[in-house]
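**Student:** Test case, fold it:
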Amino acid sequence: MANKKVLKVGLDSAAPFPMHSDYNTGNFEGFEVDLLRAITSHLNLEVEYEVSLWSTILEKLFKGELDLICSAVTVTASRQHILEFSNPYLYFRLCAVVSEQDTLTGLHHFKNKTIGVREATEAEKYVREQFPSNNIVYAVTNKELYRKLQAGKIDLLIDDSPIAGGFLQKNKKLKIGMFLPKTDSSYAIAMKKGDVQLKAQFNEAISLLKENGTYQNIYKKWFSETQF
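**Tutor:** Residues are numbered from 1 along each chain as shown. Modelled structure (predicted):
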């Protein structure tokens, strides 16, 4: 039997649960882990992960040292110029997370608030555009971001709703204050520009997993409807 082709997959080291847990722990698991396992098993491919900072895995993908990135990558127009994307595997919105006792009913509530955000994310871009006069506090990892909110160093944080949901499952003192208007987004698997054959194979596999119910089972395992 011929050896299976190995796909080199980039993971963002600061990336969050429930998409995937820390690769270096004994129980590496999550929505993307299960999804990728199902896709590659269908395509008879093996996966080899490489964990690094987002900027590093992006650079390695450009150079062809990685085959793809499956790590909560938001599809944006500017990224589509430089990367190939599979069809989306998850739709979501940005949300504002606050302490349990706080309320947010609209964007007017953001006035004079200190907003926390993870750097180099779509959430950061949104905050800079929408709230240019607010005090913005940056974090390198999601964990650090949520810690700042718990410690009262920021008034609220803005994050992708699936990731916020993962953190809130473990933290009952925080809640989603509101979903942000006009921030409909999606995650997809990023590949090297021009890698259209792999993209077609992945799209076919994703469609099949949705048709046969595998996708829905993985989704139900990791998410609750309140997250979106």
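**Student:** When you work out contacts or count neighbours from here on, use the C-alpha atoms and nothing else.
**Tutor:** Noted.
**Student:** Just give me the longest helix of this structure.
**Tutor:** Longest helix in the chain by number of residues (criterion: DSSP state H): helix 196-211.
**Student:** Pull that one out as PDB, backbone CA atoms only.
**Tutor:** Only the C-alpha atoms of helix 196-211 are listed here, as PDB (Å, rounded to 0.1, in the frame of the first residue of the first chain):
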ATOM      1  CA  VAL A 196      -7.100  25.100  -6.600                       C
ATOM      2  CA  GLN A 197      -7.000  21.300  -6.800                       C
ATOM      3  CA  LEU A 198      -6.700  20.900  -3.000                       C
ATOM      4  CA  LYS A 199      -9.400  23.500  -2.600                       C
ATOM      5  CA  ALA A 200     -11.700  21.600  -4.900                       C
ATOM      6  CA  GLN A 201     -11.100  18.400  -2.900                       C
ATOM      7  CA  PHE A 202     -11.700  20.100   0.400                       C
ATOM      8  CA  ASN A 203     -14.900  21.700  -0.900                       C
ATOM      9  CA  GLU A 204     -16.200  18.400  -2.100                       C
ATOM     10  CA  ALA A 205     -15.400  16.800   1.200                       C
ATOM     11  CA  ILE A 206     -17.100  19.600   3.200                       C
ATOM     12  CA  SER A 207     -20.300  19.200   1.100                       C
ATOM     13  CA  LEU A 208     -20.300  15.500   1.600                       C
ATOM     14  CA  LEU A 209     -19.900  15.800   5.400                       C
ATOM     15  CA  LYS A 210     -22.800  18.200   5.500                       C
ATOM     16  CA  GLU A 211     -25.000  15.800   3.300                       C
END
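**Student:** Can you list the buried residues in it?
**Tutor:** Leu198, Lys199, Phe202, Asn203, Glu204, Ala205, Ile206, Leu209 (16 or more other Cα atoms under 10 Å).
**Student:** Can you give the distance from it to the centre of its chain?
**Tutor:** In this view, helix 196-211 has its centroid 20 Å away from the chain centroid, taken as Cα atoms, centre = their mean, to the nearest Å.
**Student:** could you say what helices and strands the next helix or strand after that helix packs with?
**Tutor:** Downstream of helix 196-211, the first helix or strand assigned by DSSP states H and E is helix 214-222. When contacts are defined as 3 or more Cα pairs under 8 Å, 6 or more residues apart in numbering; DSSP states H and E, helix 214-222 sits against helix 31-42, helix 196-211.
**Student:** ok, back up a step: so which elements touch the longest helix of the chain?
**Tutor:** Helix 196-211 packs on helix 31-42, strand 83-85, helix 214-222, going by 3+ Cα pairs under 8 Å, 6+ apart.
**Student:** the domain parsing of this protein - what is it?
**Tutor:** According to automatic domain parsing, the chain comprises the domains 5-90+185-227, 94-179.
**Student:** picking up where we left off before, between the longest helix of the chain and helix 31-42, how many degrees?
**Tutor:** For helix 196-211 against helix 31-42, the angle by axes from the mean of the first three to the mean of the last three Cα atoms, to 10 degrees is 110 degrees.
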